[in-house]
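Asks: dropping the sequence and predicted coords here.
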Amino acid sequence: MWWARDDLTYHDGELHLGGRNLNALLHPDDVPLFAYHAGRVADNRNRVVAALTRNGVRHRLLYALKANRFVPLLTFMKLRGLCGIDVCSPGELLLALQVGFKEEDISWTSTSLDSRDLACLAVHPRVAVNCDSFDSIRRLAVASPKRAIGLRINPDLGLSYRSLAKLRYSGNATKFGIYQDRFREALALARELGMTIEGLHFHCGCGYLTPQLERWQEILEAAQSFVRSAGPLRYVNVGGGLGVPMTAEDEPVDLDRWADLIRRHLGGGETEVWVEPGTFLVMDSGVLLVRVSSVEQRCGTRFATVNAGFNVMIEPAMYDMPPTVAPLALPRSHDPWERVTVAGNINEALDVFAVDVELPALAPGDRLALLNAGAYASSMSSNHCLRGTFAEYLIA
């Protein structure tokens, strides 16, 4: 099984994560359950830090809170001193503070600031804030005068797992960031209003792996012109987007090559490189445990539907990032396997988790694990069709 690793494997025929039998974690109310392995999060963090350190990059790690906001997991990160936090709303900022992160541990990067955002930032002056529009610069200058800020830039390039980048990040104007054609104007405005420019921020994709690192180099090259124009900076924040393998054909991202490209284009001097991994830190730490509701043949396709839908785990439908599906218990050696499409319980055609995958012959009541469910699943969940109930569990 290509996805097996030291902390995720079968033992006596049953799937274990972090040494825990996942069958033993099934929720008594029979609702879908997310399980996250804290040790895997720490290991992933250490891999990023080690690659940056080996390549001589002065760095700071800020976990993207929107990826997963399960409080026990955030508390683990804080108590272990794994990282700072990147937030994008008043609610996320207050949650980070409640968990114990200090203002100095937190950066704020969002778009479309309204009065509530501005009021929140005004009472937390030591939070590093990245403004992504002329409007946010003007309004923040009034709400929090003389503040040091970063500017969120847009190099007009994108990269991601599969084809998402060309659809969402480049080729057409997006609502994010300040483009090159108005960057000097933005610098002048901020300085005219008494704001100090201390950093730049850019985020250009999600889920990217080694094949996309050529594009990553292009983005870093494009960012250099912004850095040169801005003058001395305390930090350059390269955002998140580092991915994890989603299929057997995917290879883990080459972190040393990724870090070396950062060093060559942005390293050196006094400027610190900030990184905001969300997906990389938590995605492969999590699984979603579900129950098979029905199995039925339709037009030559065998469908297995489960008791969770894309309202609980939306990335397969929204971003074409399918989870790996694994049985919680392996069948006896002589039991048959079959090709099935695993679908959810939401009354929408897009509610499909995995297409034409090989699994043991399934029957209603069987249990499955949807792997790579640690990021942008529970945190993006909704109560669509009033089927939003789930549980969460941290394996420490």
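Replies: That came in fine, so what should we check first? This is a predicted model, so every value here is computed, not measured. Numbers count the residues shown, from 1 in each chain.

Asks: how about the strands in the stretch 201-350 of the chain?
Replies: Along the stretch 201-350 of the chain, the stretches classed as strands by DSSP state E, counting those that start in this stretch are 205-206, 235-237, 272-275, 286-298, 301-306, 325-327, 337-343.

Asks: closest to N46 out of those strands?
Replies: Distance to N46, taken as C-beta to C-beta, is lowest for strand 272-275 among the strands of the stretch 201-350 of the chain, at 13.5 Å. Every residue, glycine included, has its C-beta placed from N, CA and C.

Asks: what lines up beside the closest one in the sheet?
Replies: Neighbouring strands of strand 272-275 in its sheet, by DSSP bridges, are strand 59-64 (parallel), strand 235-237 (parallel).

Asks: list the contacts for A361?
Replies: P331, D335, P336, W337, E338 (C-beta atoms under 8 Å, 6 or more residues apart in numbering).

Asks: ok, it to A188 distance?
Replies: Distance, A361 to A188, using C-beta to C-beta, to the nearest Å: 67 Å.

Asks: for the protein, name the helix or strand with the lowest mean pLDDT.
Replies: Of all helical and strand segments in the chain, the minimum by mean pLDDT, DSSP states H and E falls on helix 164-168, at a mean of 44.

Asks: quick one: mean pLDDT for the next helix or strand after it?
Replies: Once the chain leaves helix 164-168, the next helix or strand it forms, by DSSP states H and E, is helix 183-192. Per-residue pLDDT values over helix 183-192 give a mean of 97.

Asks: repeat that for stretch 145-160.
Replies: 93.

Asks: got the end-to-end distance for it?
Replies: End-to-end span of stretch 145-160 (C-alpha to C-alpha, to the nearest Å): 37 Å.

Asks: distance of the residue lying farthest from the centre of the chain relative to W2?
Replies: Ranked by distance from the centre of the chain (C-alpha atoms, centre = their mean), the top residue is H334, with 39.8 Å. Relative to W2, H334 is positioned 24 Å away (C-beta to C-beta).

Asks: residue contacts, the spatially closest residue to G239 that is not a sequence neighbour?
Replies: The shortest distance from G239 to any non-neighbouring residue, by C-beta to C-beta, 6 or more residues apart in numbering, is to H203 (3.1 Å). Applying C-beta under 8 Å, 6+ apart to H203 gives the contacts T109, R152, F176, G239, G240, G241, E276.

Asks: okay, now the fourth one: neighbour count?
Replies: Per other C-beta atoms under 10 Å, the neighbour tally for G239 reads 23.

Asks: specify the beta-bridge partners of L17.
Replies: Note on L17: beta-bridge partners by DSSP bridges are L8, R20.

Asks: doesn't D6 make contact with it?
Replies: No: if you go by C-beta atoms under 8 Å, L17 and D6 don't touch, sitting 10.9 Å apart.

Asks: redo the contacts of H203 as CSV? Include distance to L193.
Replies: Listed next are these as CSV, based on distance: C-beta to C-beta, whole Å:
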residue, distance to L193
T109, 20
R152, 17
F176, 22
G239, 25
G240, 29
G241, 31
E276, 26
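
Asks: between those, which is nearest S229?
Replies: R152 (14.8 Å).

Asks: the protein: helices as residue ranges?
Replies: Along the chain, counting by DSSP state H, helices occupy 38-54, 71-80, 90-99, 115-122, 134-143, 164-168, 183-192, 213-230, 255-266, 279-282, 315-319.

Asks: for the last one, the distance to its chain's centre please.
Replies: Here the centre of helix 315-319 is set off from its chain's centre by 13 Å, with C-alpha atoms, centre = their mean, to the nearest Å.

Asks: what packs against it?
Replies: If contacts are counted by 3 or more C-beta pairs under 8 Å, 6 or more residues apart in numbering; DSSP states H and E, helix 315-319 sits against strand 352-360.

Asks: cool, the fourth one as well?
Replies: Of the remaining helices and strands, those touching helix 115-122 by 3+ C-beta pairs under 8 Å, 6+ apart are helix 90-99, helix 134-143.

Asks: if we go by neighbour counts, what in it is buried?
Replies: Going by neighbour count (16 or more other C-beta atoms under 10 Å), the buried part of helix 115-122 is D117, L118, C120, L121.

Asks: CA-only coordinates of that helix in PDB, if you can.
Replies: Coordinates of the C-alpha atoms in helix 115-122 are reproduced here as PDB (Å, rounded to 0.1, in the frame of the first residue of the first chain):
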ATOM      1  CA  SER A 115     -15.100  47.600  10.100                       C
ATOM      2  CA  ARG A 116     -14.900  44.600  12.300                       C
ATOM      3  CA  ASP A 117     -11.600  43.500  10.900                       C
ATOM      4  CA  LEU A 118     -10.100  46.900  11.300                       C
ATOM      5  CA  ALA A 119     -11.400  47.300  14.900                       C
ATOM      6  CA  CYS A 120      -9.900  43.900  15.800                       C
ATOM      7  CA  LEU A 121      -6.500  44.800  14.300                       C
ATOM      8  CA  ALA A 122      -6.500  48.200  16.100                       C
END
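
Asks: who touches that helix?
Replies: For helix 115-122, contacts defined as C-beta under 8 Å, 6+ apart pick out S89, P90, L93, L94, W108, S110, V127, V129, R139, L140, A143, S144.

Asks: got the angle between that helix and helix 90-99?
Replies: Helix 115-122 runs at 30 degrees relative to helix 90-99, counting by axes from the mean of the first three to the mean of the last three C-alpha atoms, to 10 degrees.
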